[in-house]
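S.K.: for reference, the sequence and a predicted model appear below.
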Amino acid sequence: MRTDTQTITRLEDYRPPDYLIDTVELDIRLDPAATRIRSVLKIRPNPAGRSGAPLVLDGDELLFHGLAVDGEPAPPDSYEATPEALTLREPPAGPFALTVDTEVNPSANTKLMGLYRSNGVYCTQCEADGFRRISYLLDRPDVLSVYTTRIEAEREEAPVLLGNGNLRETGEVEGTTRHFAVWHDPHPKPAYLFAVVGGDLARTAKTFRTMSGREVEIAVYVEPGKEDRSHYALDALERSMRWDERVFGREYDLDVFNVVAVSDFNMGAMENKGLNIFNDKYVLASPDTATDADYANIEAVIAHEYFHNWTGNRITCRDWFQLCLKEGLTVFRDQEFSSDERSRAVHRIAEVRTLRARQFAEDAGPLAHPVRPTRYREINNFYTATVYEKGAEIVRMLKTLLGDATFARGMERYFERCDGTAATVEDFLDCFAEVSGRDLGHFKRWYEQAGTPTVTVGTAYDPQAGTYRLDFRQETAPTPGQPDKAPLVIPVLLGLVAEDGGRLDCVSNNLREDGLFVLESATDSLSFEGVRSRPVPSLFRGFSAPVRVELDLPDSDLLTLLRHDTDPFNRWQSAQTVALRLLTALARDPSQAPRDEFPDAIGAFLDRSGRHDPAFTAMVLALPGETEIAQEIGRDVDPDAVHAARDRMKAALGHRLGERLRSLRDAFPPEDRYSPDAASAGRRALRNAALDLIAAGDPAGGERLAAEQFERATNMTDRLAALVTLSLIPGEVRETTLARFGELYAAEPLVLDKWFALQAAIPEEGTLARVRELMNHPAFAFSNPNRVRSLIGSFAMANPTQFHREDGAGYALLAEAVLALNGTNPQIAARLLTGFGTWRSMNAPRRAQAQAALERIAGAPNLSPDVLDIVQRSLA
Ligand code: 0A1
Ligand code: ZN
């Protein structure tokens, strides 16, 4: 196996650039196969760099056409041009202008990095290092330049021409059928925020008046004919802009803000300055084609990209090790926005579910890495749940530790001090250390140490003395490259609940008024006095730290919390903990019979559910997922046993609670008019969670209900939920309904994605053949990342029993797909490959199969750096 073919980039090797580029003037002549780019760079030596060093500009698969220095053609021996670099051997000692001509082929660009065509629309993707696929440049985030971009194209092919910044000029190219637009972005930015778009696009727009009274044209561009699906995104954008003004005091800083939806995109969306480019799945929404979850995602992604304007663009990253500086912080900001716009408690539960399913799993496997890694071979492989979601949890912990007011002052200082700079995690933390007067050196370990800490808690109650003690111990298991772990600063928000649910008035030596206890060492204790009855501890309220908690409370105590805790997160968590205990026991020993206590407790909860938000009740009804059960088991996992345990528990719940669930559904009949607001979505979520359980307890009855809901549904949320329920009940009805759905939405790629995904997730032996057949479906294409993710990604990530088949056929399928994509789109290939992330926790026969599949990939010829990096780390 090759091990030394890739260079490793290390954080400790960071050096400032030898040259700075003050301005970049681009002239881009769009053409499907031969786009020409002329770039004029105003360059000067960086006083902080090495003087007299050669100038090495980055390139990637570029066709070089010519070079001039200060307007004079450069002599051939003064430089070297390869597709990967342009080196000027002895650059002038002072400022100079470099003019470079390059050519690229957008139609042949299947990697979807740099300039490419999606459905006939020219677009770009430059993060992390895609600019170098357009023209030679110092393609690193600490080189900030002012960009002016002239874009030229055939008017008929590309009537819309968009760039970063403000529009300066438009016109015809005389004597031709071509036209042009000139865009100027006054804010210096790194190359990864550069973008252009050219195509036939339909525009929906409105005027936004900023807090200081400036008028900004905000617009969403989509494929013509889909304008009616762009309104929700535009509305979400307007709400995001208002929220950032109100909550963070951040005002938008250009005259226009454009969002463009494209159908081929490697990720979710991209925050290019003033010109966000989106995967169309995070823009297009109509009640008939998008679910409530889609609407919520659109709102969150629109907000996320917009919030980057300050956390990412105005303040960018010094180097890619600092990725969490913009991503963790921006995820935190979009989560806060969604929590304000929707139900905070329900949103928090959803965040934690995602974190556990994705990030905890990553942290427990061979790809575990710190939120701020210290080395990488391929940066594109570090857009991970750890950098994003755990990164957001770190910011949230900072807020919890410092308190809202101090946190707000820290953010204010960060915006003031670091505006216009390429910053580091240290710069960020310094602002909070200064305003709080605290040393955050220890806290910083969260950025440096990988792995999910486990906090074990013991309790001791002395009724005679009226004292109560909580004994905490924290531990983090070794992760790749980090065998020894140090204690972290762990904020524990807690409260004590009386057994009868009443308040327990007691005093503690070491508890902040709002119930915060900070665990800073490996072990520590917290004592209470004046405790008149045995307390039930409610720990890590609101999930105050991204840790696993081990606490041996009897189920009855947990059910007390489900009933009485004032913290909604822990009300939900306590039911999950009981369920998880039962599920792991059942998975380990299938001879057990599910007992009735849990269904009865959920039944009692439902009887009181009139007091709850329906969305919250729906969350309580959803059992922990198979991934979470597998994580709890930890090693030698048998995914079939996990699945069977969960299935039996669902059936038991459905069986025991059938009547109540049916009357719950009756209490929330479908609404005549669809509205995507959180309250309506919550009612639909509850109806559909009930349907899911009813069908588990009574498949024949559930099938009838679901088939009826499918027919009558007036929106995609209810129709898809019915189809998901049906997909779990083998038989004629399922097959005919699936076929009908496929025909009904044959012309809707984003809806077909849901259809692909749900079929790939059917936990039955026949699914492998079904997936193979769907790979030949006319709507499936390896060239479209959404199709690949929906079919292959869903199979690998959402169908544990079939992906981890004991015969290895699931692994073989994924390996095949990875190799099929390795050459054309390495980013997507590498991301798919992370589906193997949990292979080491499987039981022996599966481990052997997974290892063999990974080794086959590792041994394949011409592996991309992206795939090579993941496969090697997975096997290490
Ligand atoms: N910065 C974007 C994520 C992103 C990263 C790389 C990309 O390349 C294909 C695209 C987007 C975000 O956080 O939304
Ligand atoms: Zn982001």
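M.R.: Structure's in. What do you need? What you are looking at is a predicted structure, and each value in this text was computed from that prediction instead of being measured. Numbers count the residues shown, from 1 in each chain. Ligands and ions are numbered 1, 2, ... in the order given.

S.K.: Leu821 - nearest residue in space that isn't next to it in sequence?
M.R.: Ala829 (3.8 Å; CB to CB, 6 or more residues apart in numbering). C-beta: built from backbone N, CA, C; applies to glycine.

S.K.: which secondary structure element contains the one you found?
M.R.: According to DSSP states H and E, Ala829 maps onto helix 826-833.

S.K.: neighbouring contacts of that helix?
M.R.: Helix 826-833 is contacted from outside by 111-113, 266, 378, 380-381, 785, 788-789, 792-793, 796, 814, 817-822, 857, 864-867, 869-871, 874, using CB atoms under 8 Å, 6 or more residues apart in numbering.

S.K.: check contacts around Met397.
M.R.: Phe443, Trp446, Val489, Pro491, Ser544, Ala545, Pro546.

S.K.: the residues you listed in helices, which ones?
M.R.: Among the contacts of Met397, the members found in helices (DSSP state H) are Trp446.

S.K.: just the contacts of Met397: which are in strands?
M.R.: In strands, defined here by DSSP state E, the members of those are Pro491.

S.K.: which among the contacts of Met397 count as buried?
M.R.: Phe443, Trp446, Val489, Pro491, Ser544, Ala545, Pro546 (16 or more other CB atoms under 10 Å).

S.K.: closest one of these to Thr149?
M.R.: Trp446 (39.5 Å; CB to CB).

S.K.: right, and the closest one touches Val489 too?
M.R.: Yes - using CB atoms under 8 Å, Trp446 is in contact with Val489, at 7.4 Å.

S.K.: Thr566 in helix, strand or coil?
M.R.: Reduced to three states with DSSP: H, G, I helix; E, B strand; the rest coil, the structure at Thr566 is coil.

S.K.: how many neighbours does it have?
M.R.: Neighbourhood size, Thr566 [other CB atoms under 10 Å]: 13.

S.K.: just Glu632 next, same as before
M.R.: Glu632 has 17 nearby residues by other CB under 10 Å.

S.K.: now do the same contact list for it.
M.R.: When contacts are counted by CB under 8 Å, 6+ apart, Glu632 is found next to Leu580, Leu583, Thr584, Pro624.

S.K.: of these, which are in range of ligand 2?
M.R.: The subset of those within reach of ligand 2, counting by CB under 5 Å from the ion, is empty.

S.K.: neighbour-wise, which one of those residues leads?
M.R.: Leu583 (25 neighbours).

S.K.: now for the helix or strand hosting it, which elements pack on it?
M.R.: Leu583 belongs to helix 568-588 when assigned by DSSP H and E. Packing partners of helix 568-588 (3 or more CB pairs under 8 Å, 6 or more residues apart in numbering; DSSP states H and E): helix 344-354, helix 555-564, helix 597-607, helix 614-621, helix 626-633, helix 639-667.

S.K.: OK, now which residue of the stretch 351-500 of the chain is nearest to ligand 2?
M.R.: Closest approach between the stretch 351-500 of the chain and ligand 2, counting by CB to the ion: Tyr388, at 7.1 Å.

S.K.: my guess is that residue meets Val331, correct?
M.R.: Yes - in this structure, Tyr388 is within contact of Val331 by CB under 8 Å, at 5.1 Å.

S.K.: which one of these two is surrounded by more residues?
M.R.: Shown here are Tyr388 and Val331; by other CB under 10 Å, Val331 has more neighbours (25 against 21).

S.K.: which residue, other than its chain neighbours, is closest to that one?
M.R.: Ala392 (3.8 Å).

S.K.: same question, Ser286
M.R.: Leaving aside its chain neighbours, Ser286 sits nearest to Arg229 (4.8 Å; criterion: CB to CB, 6+ apart).

S.K.: what's near enough to touch that neighbour?
M.R.: Val222, Val283, Leu284, Ala285, Ser286, Thr289, Ala290.

S.K.: my guess is the first one contacts Lys281. True?
M.R.: No - applying CB under 8 Å, one finds Val222 not in contact with Lys281, separated by 11.9 Å.

S.K.: name the SS class of the residue of the stretch 1-150 of the chain at minimum distance from ligand 2, please.
M.R.: Residue of the stretch 1-150 of the chain nearest ligand 2, by CB to the ion: Glu127 (8.9 Å). Per three-state DSSP, the local secondary structure of Glu127 is coil.

S.K.: and after the worst-scoring helix or strand of the chain on mean pLDDT, which helix or strand comes next?
M.R.: Lowest on mean pLDDT, DSSP states H and E among the helices and strands of the chain sits strand 507-508, with a mean of 92. Following strand 507-508 in sequence order, the next helix or strand is strand 516-519 (DSSP H and E).

S.K.: quick check: mean pLDDT across that following strand?
M.R.: Strand 516-519 carries an average pLDDT of 98.

S.K.: same for it, what does it pack against?
M.R.: helix 391-402, strand 467-475, strand 490-493.

S.K.: so after that strand, what's the next helix or strand?
M.R.: strand 523-529.

S.K.: so for that following strand, what gets flagged as buried?
M.R.: For strand 523-529, burial by neighbour count (16+ other CB under 10 Å) applies to Asp524, Leu526, Ser527, Phe528.

S.K.: tell me how far the first one lies from ligand 2.
M.R.: Taking CB to the ion, to the nearest Å as the measure, Asp524 and ligand 2 are separated by 36 Å.

S.K.: wait, that residue sits on Gly458?
M.R.: No - with contacts counted by CB under 8 Å, Asp524 stays clear of Gly458, the gap being 11.7 Å.

S.K.: ok so, going back, specify the angle between the helix holding Leu583 and helix 614-621 in degrees.
M.R.: Following axes from the mean of the first three to the mean of the last three CA atoms, to 10 degrees, one obtains 30 degrees for the angle between helix 568-588 and helix 614-621.
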